[in-house]
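Trainee: Just the structure for this:
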Amino acid sequence: MLITLGSPPSDAETDAWHAVVVAAHVLDLPASVPEPSRAETAGRLRLPPVSGRNVHLAAAAEDGSYEGVASLLLFSDEANRHTAVLESLVVRPDARRHGVGAALWGAIRAELAAAGRTSVSAMLELGGAGQAFVDSLGFTNVLALGWYVQRVRRAVAEIPEATLPEGLRFADWQGVVPDRWAEAFARAHDAVRDAPDGAMGERAPDWDVGRARAAARLIEDRGGAILTSAVLDTTDGDAVVAYTEVVLRDPGDTRALQYDTVVVPAYRGQGLGRAVKRRLLGRLHELLPGVREISTTVADDNTSMRAVNEALGYRRERSAGIFRVKLQDLPATAADDKDA
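Mentor: Residues are numbered from 1 along each chain as shown. Reported below is the predicted structural model:
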């Protein structure tokens, strides 16, 4: 039986969802990748993203457990109302190849049609059950990615802190950006637009102070933490010319996630990306010494960021991709009985 989770979901619904996610994680991902915590799962289910609304679906068994779960993000900004992201479609290992994934996909497809979406994308590990499933449905890999991991203690010990060019200085904060840098920080987000994105079909959102603050507040409201380091141009009213962010989805995480690293185009070629990332690395180690690693995804085509990360000690852990399909290209029914 397929159900739509409540908003917010009950503790029982959260527990059942989390059990599926953990069981699949153990089977499908390398042992080096930490399992998601229940707090992370609860935060994602309880609070919608800044960029839209979620639909959370589950295939419930007779005993009340879930055999599979799926989460769809429907963008709310006008420029992306044509598309959506399948954030997860996971089937419990012992329930695979029994049509659970096909049933969840059928419900997701109905949600996409009802919302007027013409395409959907998903980020998946290469070579796994998820790729086999979307391949059977006609998805194509539109952006090749790698997951990279940095050892925090080793990098802090081996990589010297950077010195900024004259007229530039660092600024740091935890959580929501302080008022004095809020406008400049929001403007700096526009530089994300020229990052390689393959043929994903999504438009980078328009950023303002409200959106920047809401994004950080959401991470904290979901039970996590966000740290930011920035480079300011003191000759231009403390304009934010580079920044980077690290996120913990749970305070007990031992592996943090590297979010955006951005250098404003006019300031590129001065090593600011490496400098600001090394700055935040040191702050993370000082403030949250229990964090042992930082992981991040980088597009294979993003050679400049890959070079920066390699200089900071990141090493490739596994391969992934952004897979996308246009609904008009889908077959009339599910392709086969393969389950993600």
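
Trainee: Going by C-alpha atoms from here, please, whenever you check contacts or count neighbours.
Mentor: Fine.

Trainee: So what pairs up with Arg324 in the strands?
Mentor: Beta bridges link Arg324 to Ser121, Thr140 when assigned by DSSP bridges.

Trainee: which SS class is Gly101?
Mentor: Following DSSP: H, G, I helix; E, B strand; the rest coil, the label given to Gly101 is helix.

Trainee: Kindly report the same for Glu87.
Mentor: Using three-state DSSP, the structure places Glu87 in strand.

Trainee: Before we move on, what's the pLDDT of Val91?
Mentor: On the pLDDT scale, Val91 is placed at 97.

Trainee: What average pLDDT does stretch 211-219 get?
Mentor: On average, stretch 211-219 scores 96.

Trainee: do stretch 235-248 as well
Mentor: Regarding stretch 235-248, the rounded mean pLDDT is 96.

Trainee: buried set for that stretch?
Mentor: Neighbour-count burial for stretch 235-248, counted by 16 or more other Cα atoms under 10 Å, picks out 238-248.

Trainee: Name the surrounding residues that touch that stretch.
Mentor: Here stretch 235-248 makes contact (Cα atoms under 8 Å, 6 or more residues apart in numbering) with 167-168, 181, 184-185, 188, 219, 224-233, 255-264, 267, 272-273, 276-277, 280.

Trainee: Tell me which entries of the residues you listed lie within strands.
Mentor: 168, 225-233, 255-263 (DSSP state E).

Trainee: So Val241: helix, strand or coil?
Mentor: strand.

Trainee: Quick check: the nearest residue to it once chain neighbours are set aside vs Gly167, distance?
Mentor: Sequence neighbours aside, Val264 is the residue nearest to Val241 in space, at 5.2 Å (criterion: Cα to Cα, 6 or more residues apart in numbering). Val264 sits 15 Å away from Gly167, taking Cα to Cα, to the nearest Å as the criterion.

Trainee: same thing with Asn141?
Mentor: 43 Å.

Trainee: Comparing these two, which shows the higher neighbour count?
Mentor: Asn141 (23 against 11; other Cα atoms under 10 Å).

Trainee: The more buried one and Ile322 touch, don't they?
Mentor: Yes. Contact status for Asn141 versus Ile322: in contact at 5.6 Å, counting by Cα atoms under 8 Å.
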